[in-house]
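Engineer: Sequence and computational prediction follow.
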Amino acid sequence: MANNVGTIFKKIFSMALIFNSLISIATVAGILYGYYNAYPYWQPYYPFLIDGNLFWLALAAAVINIFPGAAIGRALHTGRFLFHHYVYGFLVMVISSVFILVFTSVPLLNLFLVDNSTVSVNAGRVFMLAGLAMFLDDLPDVSKRIESSLNWVKTKVCQMKMVLHISQLLTGIFALYCSLSILLSTIQYNVRALPNSFVIGSLFITSITSFALVKRKAWLNITPPQSDTAKLKLSV
């Protein structure tokens, strides 16, 4: 019983890592969109952040964290309740999309790009990302073709593990720098404290996750997927 509870908590932890990475990607994408639209009249979080383009590195940190974060959950055998949880993730995304279309005036395609801090819009964003996190965590089970494509990507990634390992450390440092820059700017100017808190917290967690995965050598320990022949031999 204790082992089952521990497995479930690890699975939830894995999806939480993916969810946080998606929040970081979404919030940073919104900042970059505003930065380039207002360029050169808006320098985000100046003088604490020396250049708005550094947010690209923070975004990269979140992207790099997704695969090893998902790998934690993929190594566990939790079974399924009625359906694979990618089905539930898809349903949550559909319901969130309908909610956004009906109860907000924000275009669905611009959901994470517009500057809107209303409760309804933020609720739609959170549930959309939560559904996407569930979907991505279970993505290989959607179809054999997707699993095969992901295995091909994993094979290619294994050829550049050291590059990703080093990149995870460097981008994690910049994610932490961006988080602290926003925090200091928010403290000094005391504006947009609530919306900024989501970015600050998410990027801080992204950076800590990067450092933890680097310490665990997560990318270095990833192995190429087994061929169908190898799997058959192991099952005999």
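Structural biologist: Thanks, I have the structure now.
Engineer: C-alpha from now on. contacts and neighbour counts both.
Structural biologist: OK.
Engineer: Just give me the longest helix of this structure.
Structural biologist: Assignment by DSSP state H gives helix 2-38 as the longest helix of the chain.
Engineer: What residues of that one count as buried?
Structural biologist: 7-8, 10-11, 13-35 (16 or more other CA atoms under 10 Å).
Engineer: next one: stretch 125-142
Structural biologist: Under 16+ other CA under 10 Å, the buried positions of stretch 125-142 are 125, 127-140.
Engineer: Next up, the contacts around the nearest residue to G89 once chain neighbours are set aside.
Structural biologist: Computed as CA to CA, 6 or more residues apart in numbering, the closest residue to G89 that is not its neighbour in sequence is G131, at 4.0 Å. G131 makes contacts with Y88, G89, F90, L91, V92, M93, as judged by CA atoms under 8 Å, 6 or more residues apart in numbering.
Engineer: Just the buried subset of those residues, please.
Structural biologist: G89, F90, L91, V92, M93.
Engineer: Between those residues, which sits nearest S207?
Structural biologist: G89 (25.8 Å; CA to CA).
Engineer: hang on, the closest one is in a helix, isn't it?
Structural biologist: Yes: counting by DSSP: H, G, I helix; E, B strand; the rest coil, G89 falls inside a helix.
Engineer: where does it land on pLDDT?
Structural biologist: Note on G89: pLDDT of 89.
Engineer: go on, N4?
Structural biologist: pLDDT, N4: 60.
Engineer: avg pLDDT for stretch 186-202?
Structural biologist: For stretch 186-202, the per-residue pLDDT averages 88.
Engineer: Next, the buried residues of that stretch.
Structural biologist: T186, N196, V199, I200, G201, S202.
Engineer: Before I go, just wanted to say thanks for your time.
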